[in-house]
Structure formats: structure tokens, C-alpha cells
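Engineer: 3D model of this:
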Amino acid sequence: MGLFGFFKSQFIEVIEWTDQDASTMVYRFPVQNNEIKMGAELTVRESQVAIFVNEGEIADVFGPGRHLLYTQNMPILTKLKSWKFGFDSPFKAEVYFVNTKQFINQKWGTSNPIMMRDSEFGVIRLRGYGIYSYRVSEPVVFLKELFGTSASYDTSSIEGQLKKMVLSGLTDLFAESNIAALDLAMNYDELSEKGKEKMKQRFSTFGFEITSLYIENLSLPEEVEKVLDRKTAMGVIGNMNQYQQYQTAEAIRDAAQNEGGGLAGAGAGIGAGAAIGSVMANALQGNHQQTNSPSAPQPEKMTCPHCQALINTSAKFCGECGETVQKQKVPCISCQAAINEDAKFCGECGAKQVTEKTCAKCGKVNAPNTKFCGACGDNLQQ
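Structural biologist: Sure thing, here's the model as predicted:
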């Protein structure tokens, strides 16, 4: 190697990163055993951050733009190198380009079902999947916490950790939401937004910002789905008796259409036709009875005052003891209209009925219709 080639290999004058892979998060510029010339050009593109590391310590961080490397715009590195008078000496440093664009379409999914309690089905197992996106928001934190001094770092290196973080947070969120299993589908957007808020603090510990999180599907166990299918089918069927009659008629029709030879086939066809007619007649009769035969009202009951048996209110005599159950009639003391013997007022004239007569001579209490005292025989009609 000539003298010119030696100096060319030692002094780096242009520092940039152009060859990006969609999943690459960090790229270390190849300056091992090479010196960066003071005054070299550093080009940092949009969605990139350049980090200078000197002897294991973070020196300077450069954002998007074109930078000329001098002691004036590298204060930390200048302090570490003790360049007090702007000495333009070449220097050695590790340069890391951090990709700050969004890493989209990162998938999450339940490897094991999530156990949760549902108000309608009890304890169920829930499965789900979706996607999320994130980006590096704090490159220095990202360098310190994750990639260190690796030559490169991509999304696959952190994918497993982030997926477990998302699943842990969403499992807790589903359990706390208390949303019925049948109503989960109508709450995908709300649950996704709450899940994103729940993940912010967890992602920030690695220098990340979660930019989106979506729930694509939450599915119930196969056993529960079968129960729901049967319940839906029952709702569509409606009247079970009519459905059974229809099924029977369909089966008999298929049997009648079955090709058979000779008299046996003819007999089967005649029998099937008769059976179909019978089924249809029963169906029509059942429908007619259901729609046109309201149940007869039940007669009102009362208790016999003699034997306490239940009898119809229209009965005149008790069917158990044979005693009359109709109240005795007496004339009104005013208008002589027939009224019940225990009536306190007349239904015709409204006169108050005297319920008893007291003998003025002996003080005996007699019935209201008594003419003479039962004790002393004194006339009570005076």
C-alpha cells in the first residue's frame, strides 16, 4: 500500500448511512482503526440520529442535517479530548446511526388463551391478535438500555420482549373492562386506545414511543361458539312444533321420491303421500287451534259458610254438605223491599236497618224482627 493509500484509509472525511433495511434500528459506522478527520462532513438524514461514543462514553448527538465536525460544534467530545485551543487533530470515535422512523405492522397474538370471567358464559378462554407500531423516541436511553455497542440491531432483537409486554397489558385490560364477551367486537377501538395508553410507560423505559395499537380479532372458544350457533339457529327457527312438522314432511317427501321398482315402490309412494297429507292436516289443525281457540275463563270460587269447601259463586247449595249458601232475605224496615238479612242499609230506600231490639222491661236483647221479648214476654212493638 502506498503512502497516499495509507492516509486515505486513516482519515474519514464523509460519515453517513444510506443503505437502510426496513427492520434495522441501529447501524454502527465502520470507523474501527480509522480516524475521523476534524472538519469531516456528517450527513444525518430525516428519521435518523447520529450518536458519537468516545471510549465507551456518549460524546455528542446529532439530529437530521449536514454537520461539519469541528471543536466548536462538538463541545462534549472537545472537553473529553482536552482540545483547549481548537486544535484540528483527527480523532477516533464510534458513530452509531439510530433509525427513528416508525416500525409498523409489528404483530402480537395470544400463544395461550386468556382466562376471563363473563357474566353470561361464566369463565371463558379468549384468544386474540392484532398489530402495533413504535419508534425510537430517546436514542440515548435506547443505546444505554438495549443495543450497547453492537454493530447492528434490528426489530427481531426486541420483538419477543415487546410482544410479551403488549400481551401482559392487554390481558390485564380485558379482565378489568368487564365487557361481556358478546360485546367485545363493538369495543375494539376503545380497547385499542386504552391498550396504547397502558403501554406508553412500559415502552418509554427502553427509549421507545408506541405510536399505535390495534385489536384485529378477539375470538371465543370453539365450545362457546357452537352454543351461540345453536342459540342463533333456534331464534331463526321460531316455532319448534312447526319446524318438526316441516322436517317430518321433508323426510317423507324424500322417501316418496326415492326410486323403487314394482309394487313395493308404488306402495311406498302412496304411503308417503298419505303421511304427508296427515302431517299437513295436523299442522293446519294445530295452527287453527292456536289462533282461534282462546282458553275458556275459569269460574270464580267461594268458600261454603258451613263446611268451608270451595264452590262456584253461582251455586245455591254446597256440593259437599248440601246446605244452602244463598243469604236469607228479609223485608226492609222502611220500604219492605227484600234485602239480605245481614244488610245494614236498604239498597232501595237507603234506610238504616236496626240489627237488634232491647226489651225496655227486662233489658233482654232480641232479634230485629222479634215482636215480643223472649225473656219476659213484653210487647216490643210499642
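Engineer: Quick check: residue 60 is in a strand.
Structural biologist: Yes: under DSSP: H, G, I helix; E, B strand; the rest coil, residue 60 falls within a strand.
Engineer: how near is it to residue 42?
Structural biologist: For residue 60, the distance to residue 42 (C-beta to C-beta, to the nearest Å) stands at 10 Å. (Glycine included, C-beta is placed from N, CA and C.)
Engineer: now swap in residue 166 and tell me
Structural biologist: Distance from residue 166 to residue 42, by C-beta to C-beta: 36 Å.
Engineer: the more surrounded of those two?
Structural biologist: Taking other C-beta atoms under 10 Å, residue 166 and residue 42 do not tie; residue 166 has more neighbours (26 against 21).
Engineer: Now the more buried one: which helix or strand?
Structural biologist: Per DSSP states H and E: residue 166 is located in helix 156-177.
Engineer: Residues contacting that helix, please?
Structural biologist: 23, 25, 106-108, 110, 114, 116-117, 126, 128, 132, 134, 146-147, 187, 191, 194-195, 198-199, 202-203, 206, 208, 213, 215, 218 (C-beta atoms under 8 Å, 6 or more residues apart in numbering).
Engineer: taking the mean pLDDT, what do you get for whichever helix or strand comes after it?
Structural biologist: Following helix 156-177 in sequence order, the next helix or strand is helix 188-204 (DSSP H and E). Averaging pLDDT along helix 188-204 gives 95.
Engineer: do the same with stretch 99-112
Structural biologist: For stretch 99-112, the per-residue pLDDT averages 92.
Engineer: Flag every buried residue along it.
Structural biologist: 99-100, 103, 106, 108, 110 (16 or more other C-beta atoms under 10 Å).
Engineer: Among these, find me the one that's closest to residue 46.
Structural biologist: Using C-beta to C-beta, residue 100 comes nearest to residue 46 of the buried residues of stretch 99-112, at 8.9 Å.
Engineer: got the contact list for that closest one?
Structural biologist: 47-49, 135-137, 139.
Engineer: would JSON lines of those residues with neighbour count, pLDDT and secondary structure be doable?
Structural biologist: What follows is the contacts of residue 100, written out as JSON lines (neighbours: other C-beta atoms under 10 Å; pLDDT from 0 to 100; DSSP: H, G, I helix; E, B strand; the rest coil):
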{"residue": "47", "neighbour count": "14", "pLDDT": "90", "secondary structure": "coil"}
{"residue": "48", "neighbour count": "21", "pLDDT": "93", "secondary structure": "strand"}
{"residue": "49", "neighbour count": "20", "pLDDT": "95", "secondary structure": "strand"}
{"residue": "135", "neighbour count": "18", "pLDDT": "96", "secondary structure": "strand"}
{"residue": "136", "neighbour count": "23", "pLDDT": "95", "secondary structure": "strand"}
{"residue": "137", "neighbour count": "16", "pLDDT": "94", "secondary structure": "coil"}
{"residue": "139", "neighbour count": "22", "pLDDT": "94", "secondary structure": "helix"}
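Engineer: now, the most widely separated pair of these?
Structural biologist: 48 and 137 (13.7 Å).
Engineer: Helices along this protein, start to end?
Structural biologist: For the chain, the helices defined by DSSP state H occupy 3-10, 75-81, 139-142, 156-177, 188-204, 222-237, 240-257, 262-292.
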